[in-house]
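Novice: turn this into a model:
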Amino acid sequence: MEKTKQSKTVQLLLLIFGIVFFCGGVYFLMNGIHNYARQFHQRDWQETTATVIRVDERIESNQNNSHFTVYDIYFQYEANGQLYTYSIYRNNASKNYGDTITVKYDPRSPGDATHYLEPEPGFAWGGLVGFAVFGLIGLKIIRSALPAKKPRSSGHRK
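Specialist: Numbers count the residues shown, from 1 in each chain. Below you'll find the model as predicted:
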């Protein structure tokens, strides 16, 4: 009796773990598609030149205690006769004061800008890969947690 109860507890935990993994995969997929779609809708935005006005350097570390430098880069651009600020956070390459880049801004809301000049399909591909890894592993775990189906009888009796 104890073995059955333990088995059901393990099945329940596996089911929960599988659902969490599957939901993580769906999140990766939806986030990747959302980011790509957002960039796709920005393709008609107006291009302009932005100038670096500030660079903040900081050291971060990951789970392996590896330390690396990231840069928060602040740009200024002009749209419709007004100045706006655009930032890129956690960039791995520094820029110098006065450097320029091309950005795009929303003509209806010039304060909204992006440094992605064309839609990056890598966002969608990353979402698909995330779903393939996490979603399919989650489905496999869920399937292993569900009770096995009993074979159907063929209707023949002896």
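Novice: next, the buried residues of the longest helix belonging to the chain.
Specialist: Scanning the chain for the helix with the most residues, using DSSP state H, yields helix 2-41. Residues 14-15, 18, 21-22, 24-26, 28-29, 32, 35-36, 39 are the ones in helix 2-41 that count as buried (16 or more other C-beta atoms under 10 Å). Any C-beta I mention is one placed from the backbone N, CA and C, and that applies to glycine too.
Novice: residue contacts, residue 17?
Specialist: By C-beta atoms under 8 Å, 6 or more residues apart in numbering, the contact set of residue 17 is residue 141.
Novice: measure it to residue 55 for me?
Specialist: As judged by C-beta to C-beta, to the nearest Å, residue 17 and residue 55 stand 43 Å apart.
Novice: out of the buried residues of helix 2-41, what pair is the most spread apart?
Specialist: 14 and 39 (37.8 Å; C-beta to C-beta).
Novice: for the helix or strand containing residue 50, what is the distance to the chain centroid?
Specialist: Assigned by DSSP states H and E, residue 50 belongs to strand 46-61. Its chain's C-alpha centre and that of strand 46-61 lie 22 Å apart, by C-alpha atoms, centre = their mean, to the nearest Å.
Novice: got a list of contacts for that strand?
Specialist: Applying C-beta under 8 Å, 6+ apart, the external contacts of strand 46-61 come out as 67-79, 85-86, 90, 94-107, 113, 117.
Novice: what residues sit buried inside it?
Specialist: So strand 46-61, judged by 16+ other C-beta under 10 Å, has buried residues 48, 50, 52.
Novice: average pLDDT for it?
Specialist: Across strand 46-61, the average pLDDT comes to 92.
Novice: do the same with stretch 18-25
Specialist: 90.
Novice: look at the closest residue in space to residue 79 that isn't next to it in sequence and report its pLDDT.
Specialist: Nearest residue to residue 79, sequence neighbours excluded (C-beta to C-beta, 6 or more residues apart in numbering): residue 110, at 3.7 Å. Note for residue 110: predicted pLDDT of 94.
Novice: neighbouring strands of whichever strand or helix holds residue 110 in the sheet, and parallel or not?
Specialist: Residue 110 belongs to strand 109-114 when elements are defined using DSSP H and E. Paired with strand 109-114 in the same sheet, following DSSP bridges, are strand 100-106 (antiparallel).
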